[in-house]
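Peer 1: Return a 3D structure for these sequence lines:
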Amino acid sequence: YIPLTGIENNIETADFSLYQNYPNPFNPETNIKFNISESGLTILKIYDMTGKQVASLMNEKLIQGSYVVKFNAGNLASGVYYYELTSENFKQIKKMILIK
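Peer 2: Residues are numbered from 1 along each chain as shown. Below you'll find the model as predicted:
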């Protein structure tokens, strides 16, 4: 279990989108920004290179808007990780690199 350290919301948005995390590479914290254009259940998960889920950052109903989630990977090993955003009819995966 890796605790979620922060979420910010800005209601102005037009489309579903998942942005590249920043900074990337990171140690040990990074920000994951995304937009959702329809209110609904939103799920944000982190996976390692083998496809094993290592964190669940979000699993809740969100309203339309732009969000930033801080992810702290302090207890994970260096390597490549993937983050997946699922919300209603949208799903996207991006890669990030943890360097310690």
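Peer 1: List the buried residues of stretch 93-100.
Peer 2: Under the neighbour-count criterion of 16 or more other Cβ atoms under 10 Å, stretch 93-100 has 94, 96, 98 buried. For every residue, glycine as well, the C-beta is placed using N, CA and C.
Peer 1: cool, and stretch 57-72?
Peer 2: 57-58, 62, 65-67, 69, 71-72.
Peer 1: what's near enough to touch the residue nearest to Asn24 when sequence neighbours are not counted?
Peer 2: Spatial nearest neighbour of Asn24, chain neighbours left out: Met96 (5.2 Å); criterion: Cβ to Cβ, 6 or more residues apart in numbering. By Cβ atoms under 8 Å, 6 or more residues apart in numbering, the contact list for Met96 reads 20-21, 24-26, 30, 80-83.
Peer 1: hmm, which of the residues you listed are the buried ones?
Peer 2: Burial by neighbour count, 16+ other Cβ under 10 Å: within these this picks out 21, 26, 30, 81-83.
Peer 1: biggest separation within these, which pair?
Peer 2: Of all pairs drawn from the buried ones among the contacts of Met96, the greatest distance, 13.9 Å, lies between Phe26 and Tyr82 (Cβ to Cβ).
Peer 1: returning to what we had before: any chance of JSON lines for the contacts of Met96, columns distance to Leu41, secondary structure and pLDDT?
Peer 2: Formatted as JSON lines, those follow (distance: Cβ to Cβ, whole Å; DSSP: H, G, I helix; E, B strand; the rest coil; pLDDT from 0 to 100):
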{"residue": "Gln20", "distance to Leu41": "24", "secondary structure": "coil", "pLDDT": "97"}
{"residue": "Asn21", "distance to Leu41": "22", "secondary structure": "coil", "pLDDT": "97"}
{"residue": "Asn24", "distance to Leu41": "27", "secondary structure": "coil", "pLDDT": "96"}
{"residue": "Pro25", "distance to Leu41": "31", "secondary structure": "coil", "pLDDT": "96"}
{"residue": "Phe26", "distance to Leu41": "27", "secondary structure": "strand", "pLDDT": "96"}
{"residue": "Thr30", "distance to Leu41": "24", "secondary structure": "strand", "pLDDT": "97"}
{"residue": "Val80", "distance to Leu41": "27", "secondary structure": "strand", "pLDDT": "97"}
{"residue": "Tyr81", "distance to Leu41": "23", "secondary structure": "strand", "pLDDT": "98"}
{"residue": "Tyr82", "distance to Leu41": "20", "secondary structure": "strand", "pLDDT": "98"}
{"residue": "Tyr83", "distance to Leu41": "17", "secondary structure": "strand", "pLDDT": "98"}
